[in-house]
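Novice: return atomic coordinates for the entry below.
(one chain, ligands or ions: 3)
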Amino acid sequence: MLLKLLILDRDGVINYDSDAYIKSVEEWIPLPGSIAAIAQLSKAGWTVAVATNQSGIARGYYDLATLDAMHARLRELVAEQGGEVGLIVYCPHGPDEGCDCRKPKPGMLKTIAGHYDVSLTDVWFVGDSLGDLEAAKAVDSQPVLVKTGKGEKTLGKTLPVGTLIFDDLAAIAAELIHN
Ligand SMILES: O=P(O)(O)OC[C@@H](O)[C@H]1O[C@@H](OP(=O)(O)O)[C@@H](O)[C@@H](O)[C@@H]1O
Ligand SMILES: [Mg+2]
Ligand SMILES: [Zn+2]
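Specialist: Ligands and ions are numbered 1, 2, ... in the order given. Got it, this is the predicted structure:
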């Protein structure tokens, strides 16, 4: 059976983003409808994974324990609504470290595909930044832009051909569950 895999960017898609980075669990605030959307997708048989740049670690704004606490909170909130979150992969590196995992490089997407032993072709990757969409395109996944977070700003840029655009994660869940 083909795994129904959906990969999400975190900041600006699941939770509010900030130009000052999301530096604590208290600053990690779900966007309206995002927790319910993930729970509904999960209960509908979707595996929801996360691929997130977290250069705030390299920059010293917060530590791995804090990052893990944010992700524990995400899992807790989705579980309260009967769903579950799959693999969460993050890039802790800074922009100048030349790692293979920082988006727009597709390393995190490849890690997720390998974990679930599936192809990335046409797998939807939902993001709010151009780097998210470029990472998707690099591995023949389906780039999906949401207008939350930095999405409205990203809309003004040249998007990869074929990018799908939705208002928010709730709209994506509705599309995937009901079609
Ligand atoms: O959207 P995801 O990938 O989940 O996470 C983005 C965050 O890591 C941060 O990424 C930073 O970019 P730089 O890493 O400084 O280029 C800035 O855009 C911050 O506003 C943002 O909170
Ligand atoms: Mg983002
Ligand atoms: Zn990295």
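Novice: ok, then the element right after the helix or strand containing Leu109?
Specialist: Taking DSSP states H and E as the criterion, the element that holds Leu109 is helix 107-116. Next helix or strand after helix 107-116 toward the C-terminus (DSSP H and E): strand 124-127.
Novice: what's the mean pLDDT across that following strand?
Specialist: For strand 124-127, mean pLDDT rounds to 99.
Novice: quick one: contacts of that strand?
Specialist: With Cβ atoms under 8 Å, 6 or more residues apart in numbering as the contact definition, strand 124-127 has outside contacts at 6-9, 12-13, 51, 103, 109, 132-133, 135-136, 141-146, 164, 166, 169, 172, 176. Heads up, the C-betas are built off the backbone N, CA and C, glycines and all.
Novice: direction included, what does that strand pair up with?
Specialist: strand 5-8 (parallel), strand 142-146 (parallel) (DSSP bridges).
Novice: just the buried residues of the longest one, please?
Specialist: So the one you mean is strand 142-146. By neighbour count on 16 or more other Cβ atoms under 10 Å, the buried set for strand 142-146 is Gln142, Pro143, Val144, Leu145, Val146.
Novice: tell me which strands and helices the helix holding Leu109 is in contact with?
Specialist: strand 5-8, strand 47-53, strand 88-91, helix 130-138 (3 or more Cβ pairs under 8 Å, 6 or more residues apart in numbering; DSSP states H and E).
Novice: at 7 Å instead, please
Specialist: strand 5-8, strand 47-53, strand 88-91 (3 or more Cβ pairs under 7 Å, 6 or more residues apart in numbering; DSSP states H and E).
Novice: can I get the ones you listed in JSON lines with mean pLDDT and mean neighbour count?
Specialist: Shown next, in JSON lines, are the helices and strands packed on helix 107-116 (pLDDT from 0 to 100; neighbours: other Cβ atoms under 10 Å):
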{"stretch": "strand 5-8", "mean pLDDT": "98", "mean neighbour count": "25"}
{"stretch": "strand 47-53", "mean pLDDT": "99", "mean neighbour count": "24"}
{"stretch": "strand 88-91", "mean pLDDT": "99", "mean neighbour count": "20"}
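Novice: which among these is found nearest to ligand 2?
Specialist: Comparison of the helices and strands packed on helix 107-116 against ligand 2 by Cβ to the ion identifies strand 47-53 as nearest, at 7.3 Å.
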